[in-house]
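S.K.: let's see this in three dimensions:
(chains A and B)
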There are 2 protein chains.
Amino acid sequence: MAKKIARTAASVKKKTVAARRKPARRGEKAAREKTAQKLVGLADRVVAASRKKKDPFVDIPTRALSNVRFDARRQIIEMGDNTQRRSFFNLGQAKKFMQTMLVAGGCKELADQVKTTSIRDLFYHCKHTIGKSRENTFDEQTESDAVIEDLEVAVSSLREELGLFADPKGSMVGPMTIVDGGDVIDLSRMGTGGWAVPSIVEDHVIQFRTCKAKFVLLIEKAAVWRRFSEDRFWEQHKCMIIHGGGQPPRGVRRLVYRMHKELKLPLYVLVDNDPWGYYIYSVLKQGSINLAFESQRMAVPAARFVGMSSYDAEAFGVPPAVTIKLTDQDIRRAKEILAYPWFAKRPWQREIKHMLAQGVKLELEALSAKDFSFITETYLPTKITGKKWLD
Amino acid sequence: MAKKIARTAASVKKKTVAARRKPARRGEKAAREKTAQKLVGLADRVVAASRKKKDPFVDIPTRALSNVRFDARRQIIEMGDNTQRRSFFNLGQAKKFMQTMLVAGGCKELADQVKTTSIRDLFYHCKHTIGKSRENTFDEQTESDAVIEDLEVAVSSLREELGLFADPKGSMVGPMTIVDGGDVIDLSRMGTGGWAVPSIVEDHVIQFRTCKAKFVLLIEKAAVWRRFSEDRFWEQHKCMIIHGGGQPPRGVRRLVYRMHKELKLPLYVLVDNDPWGYYIYSVLKQGSINLAFESQRMAVPAARFVGMSSYDAEAFGVPPAVTIKLTDQDIRRAKEILAYPWFAKRPWQREIKHMLAQGVKLELEALSAKDFSFITETYLPTKITGKKWLD
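M.R.: Modelled structure (predicted):
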């Protein structure tokens, strides 16, 4: 059977390769070539060192808490200038050096072919047994994932620019027309499902064409987003509504950043009233410690928190039966957040301490105890009209 | 502050309610009225019993393994005829009876307002403290979720017809035009993200308008789907490509069923070669034990398994370095699956036993060890052209 399959495979391949892809658009090709150049630069330095009979190395900015700082002026979490050298002739670093070269090589192939792929796929692409040994280049995906993060900072390209994506999550609708991979898409005519926000939203893939929206509303949960979509909140209030299915994935963060930066749209964030909700907001606003490198291209320091606040249960007459007692973990997390410099402003200290004093948290869905559309018809318009946000 | 917010809220509410929703289309309204009628019928029987001074009750078909059977002729897992009576004057059943009435009432409200909501939202909507007691109608969402499943079978309506949805997952593209909530959407021009498949895809919401696709390809993973989308597999092979982010959610299953049934499109299923992949395929094909009630409106017995098969590593020359050793749990699960009547056919017994004998599993991404587009250019065309599927 194996032989027969091999024969069919060969004939099939011939037929399909010719017809396969939509030709890459010029902008996309140019962007990928730029990334390829950076990778070639990295390789050139290694080759040059080898020719001079010197130990080849790569310098990687240090990705650790010790090399992260909160820039109070720019209001984002940033990476410092410390770097770590990875040399080929160091027994403890040789494997990591080899892996860095393999991943860089895989990304170069992707760039040359103007393709994108998942980080899992790249792991498999780079995984093989070395020569006649029993040693694999990679054993676990965690190894190649770490190397990808190194490479991002080493060549100063987001992984999306390297052609790598994570599983997409999130939808968007609103009065805007975009171009996505060459297709013109009217985001006000996306039915009930919305446009699935892809993982890679760089401007060589997604371009904004026309926009009648006056702000962006990021909603924590898909189910609540659907309420806003069904009630056509975006039409009445002229806004883009977007969700990221919990903690927004990189594609959603990057898109929100681009809408804020390029279209000058204010960003409002609507999350549960619990430490997790505060955290989602803070990652959108200042970036995260783990991925400090990306803050400057993803964080939106002007983001506004429109709730839910620990004062809302009383203010909007939400019945106590729908509040939830804080767990020990919630309390621990809230205290950690209280100590972050980016939550040092007085209104935030007041907000978090009040949640702790009340001892309860509140989900967005709890507003349905009043009425299914209370959140779209009363709650959020009241918050925005009355400028009842935190920032 | 609370008073001020209440005032703002009242004035905001007046302005927003008038302008809020796109008027429901006639088909949608009619469908929801039909569901409302069924719920009213349920309530009428309770009222009639009360008037006759009899114990009000609801009969709920039994949802348990004992009441499930595999219909070998129709090739689906079906629910039997056993029912359980839930009476109001039975101390052990009174609370469940009350909860059933509350959930039915909530669904009736949704139907009257032609709205949909999440099962979590409905939980909050129905949750309140009873009178001056400290007793809540519901404490945990698991309680209302179970009652929803009861209600589905009791009034013979899928939860989507009751207006309830789960978190959406999954995207689709391909040569087809649909109408979604009144918007005409060309699924061949959806850019890189695709159309986000909503949770509710009943024909009063989604209608098929034109279709040039010749089959449907369901892909287990979002990341692999993206490879097919980027390589424009759907254009060359004239098919719809859809994924459900792992185990497909109800919306994806129901949509696949409708495309198969109404448009007569064959369904091919592309999953990992592991017990989980077999299971995903079997749920699409025969339905599941847990939700046997829905099989007849979701299962596609004609579904074809195009891989991956445990014979593929050898047949396609996949290097051993990218196979993964079966875990104890994998082996246990594979043996369970081997015993299911719906896997009794000889080719399936051979397939599963071969996987066990090899002792390894294989992910779709492993094919990237050969080439990023091996899966779209060689693997799948070979399988389909050569009719190398299992069914």
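S.K.: show me how chain A divides into domains.
M.R.: Each structural domain of chain A that the record assigns through automatic domain parsing is listed here as a residue range: A:25-55+A:90-165, A:171-385.
S.K.: wait, which of those domains is closest to chain B?
M.R.: In this view, the domains of chain A are compared for proximity to chain B by Cβ to the nearest Cβ, and domain A:171-385 is the closest at 2.4 Å. For glycine as for every other residue, the C-beta is placed from the backbone atoms N, C-alpha and C.
S.K.: any idea how far apart the tips of that closest one sit?
M.R.: Distance between the boundary residues of domain A:171-385 (Cα to Cα, to the nearest Å) amounts to 25 Å.
S.K.: alpha carbons of stretch A:292-304, as CSV, please.
M.R.: Listed next in CSV are the C-alpha coordinates belonging to stretch A:292-304 (Å, rounded to 0.1, in the frame of the first residue of the first chain):
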residue,chain,number,x,y,z
ALA,A,292,7.6,43.4,28.1
PHE,A,293,9.4,43.4,24.7
GLU,A,294,6.0,43.8,23.0
SER,A,295,4.5,46.6,25.2
GLN,A,296,5.6,49.4,22.9
ARG,A,297,3.7,47.8,20.0
MET,A,298,0.7,46.5,21.9
ALA,A,299,0.0,48.5,25.0
VAL,A,300,-2.5,51.4,25.0
PRO,A,301,-1.8,53.6,28.0
ALA,A,302,-4.9,55.7,27.3
ALA,A,303,-7.2,52.7,27.8
ARG,A,304,-10.3,53.5,30.0
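S.K.: report the distance from it to the chain centre.
M.R.: 11 Å (Cα atoms, centre = their mean, to the nearest Å).
S.K.: name the residues of it that are buried.
M.R.: Counting neighbours by 16 or more other Cβ atoms under 10 Å in any protein chain shown, one finds that the buried residues in stretch A:292-304 are A:Ala292, A:Phe293, A:Glu294, A:Ser295, A:Arg297, A:Met298, A:Ala299, A:Val300, A:Pro301, A:Ala303, A:Arg304.
S.K.: verify the stated contact: the first one with A:Phe70.
M.R.: When you say that, I think you mean A:Ala292. No: distance between A:Ala292 and A:Phe70: 9.5 Å, which falls outside the contact criterion (Cβ atoms under 8 Å).
S.K.: need the overlap of contacts for those two.
M.R.: Common neighbours of A:Ala292 and A:Phe70 are listed as A:Ile77, A:Glu78 (criterion: Cβ atoms under 8 Å, 6 or more residues apart in numbering or on different chains).
S.K.: any idea which of the domains of chain A is most buried?
M.R.: domain A:171-385 (a mean of 20; mean count of other Cβ atoms under 10 Å in any protein chain shown).
S.K.: let's have the domains of chain A in TSV, adding mean pLDDT and distance to chain B.
M.R.: Shown next, in TSV, are the domains of chain A (pLDDT from 0 to 100; distance: least, Cβ to the nearest Cβ, whole Å):
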stretch	mean pLDDT	distance to chain B
domain A:25-55+A:90-165	92	3
domain A:171-385	94	2
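S.K.: of all these, which lies closest to B:Val47?
M.R.: Among the domains of chain A, the nearest to B:Val47 by Cβ to Cβ is domain A:171-385 (25.1 Å).
S.K.: how distant is that closest one from the center of its chain?
M.R.: Taking Cα atoms, centre = their mean, the mean C-alpha location of domain A:171-385 is offset from the chain mean by 14 Å.
S.K.: equivalent analysis for stretch A:32-46, please.
M.R.: Remark: stretch A:32-46 is offset 24 Å from the chain centroid, using Cα atoms, centre = their mean.
S.K.: coming back round to it: out of the domains of chain A, which comes closest to B:Ala339?
M.R.: Ranking the domains of chain A by distance to B:Ala339, with Cβ to Cβ as the measure, places domain A:25-55+A:90-165 first at 31.5 Å.
S.K.: distance from that closest one to the middle of the chain?
M.R.: Worked out by Cα atoms, centre = their mean, domain A:25-55+A:90-165 lies 21 Å from the chain centre.
S.K.: end to end, how far does that domain reach?
M.R.: 19 Å.
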